[in-house]
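Peer 1: how does the following fold in three dimensions:
(one chain, ligands or ions: 1)
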Amino acid sequence: MPYKGPKIVTIDGPAGAGKSTVAKRLAKELKLSYLDTGAMYRALTLKAIRQGADLGSEEALVALARSTVIDLQNHGAGVKVLLDGKDVSEDIRTIEVTNKTFHVASAPRVRAIMVEWQRAIGKKDGAVIEGRDVGTVVFPEASYKFYLDADLQERSRRRICELREKGNDVDAQRLTAELKARDTKDLTRSVGPLKKADDAVFIDSTHLSIDEVVGEMIKHINAHG
Ligand code: C5P
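Peer 2: Have a look, this model is predicted:
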């Protein structure tokens, strides 16, 4: 049966492909809210680190997830991430959190909880949702699906610029290696791996501006509306 719920647009792809910037812009154009699923994995990871939880224990992470409230609030320019009511929008972007998120992301029962939260948010009023498994697992019935990719060197260059702009001291070689390692973990985990849905539109953003990517997406949506 064709999908009849609110409008859901999914954007999956590896880190640094431009998903967040594009998804925020697209959400604004389509007057939908924006949901960053990676922020949820990051927020739970941050809580686990702060509480000294055993990141290798699925049991501990499930218990932690069940006693956690993660709220993503859309604000004009960006998104506020609230972890148990406290703003952690910046704290979840550290290199430590980034490199430890795979523990939470590869625990099947924790993913099941995350997916449930994401479905509840998306189904309310529709959304542009970005992540790794949104078009394949979270919303396989989505109205429109995109898979955004770019060369590793370009993705790494973008991440380095982002981090340096925020005043971080970045070792470029190390960051590229960490990005590659994260890609491998995201691509190879047994649950919710990074994967293009068969019916997703593939866009390579290596040589495209944000405007061009958003333009391609809108063109596709209008042509299939
Ligand atoms: O998108 P972002 O880079 O912030 O995501 C951080 C991490 O969260 C990813 O590397 C991935 O391991 C995990 N993630 C996931 N599934 C999603 C979104 C993010 O496993 N839908």
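Peer 1: what's the neighbour count on T206?
Peer 2: Using other CB atoms under 10 Å, T206 has 13 other residues around it. (C-beta placed from N, C-alpha, C; glycine too.)
Peer 1: could I get the full set of helices for the protein?
Peer 2: 19-30, 37-51, 58-66, 95-105, 108-125, 152-165, 172-188, 210-223 (DSSP state H).
Peer 1: output the contacting helices and strands for the third one.
Peer 2: Pointing back at helix 58-66 there. If you count contacts as 3 or more CB pairs under 8 Å, 6 or more residues apart in numbering; DSSP states H and E, helix 58-66 packs onto helix 37-51, helix 108-125.
Peer 1: buried ones in it?
Peer 2: 58, 60-62, 64-65 (16 or more other CB atoms under 10 Å).
Peer 1: one more: the longest one?
Peer 2: Neighbour counts using 16+ other CB under 10 Å place 110-111, 113-115, 117-118, 121-122 of helix 108-125 among the buried residues.
Peer 1: before we move on, back to that, so which of the helices and strands packed on helix 58-66 gets nearest the ligand?
Peer 2: Distance to the ligand, taken as CB to the nearest ligand atom, is lowest for helix 37-51 among those, at 2.5 Å.
Peer 1: what would the buried residues of helix 108-125 look like in a markdown table with distance to H75 and pLDDT?
Peer 2: Formatted as a markdown table, the buried residues of helix 108-125 follow (distance: CB to CB, whole Å; pLDDT from 0 to 100):
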| residue | distance to H75 | pLDDT |
| --- | --- | --- |
| V110 | 27 | 98 |
| R111 | 27 | 98 |
| I113 | 26 | 98 |
| M114 | 22 | 97 |
| V115 | 25 | 98 |
| W117 | 20 | 97 |
| Q118 | 20 | 97 |
| I121 | 16 | 94 |
| G122 | 19 | 94 |
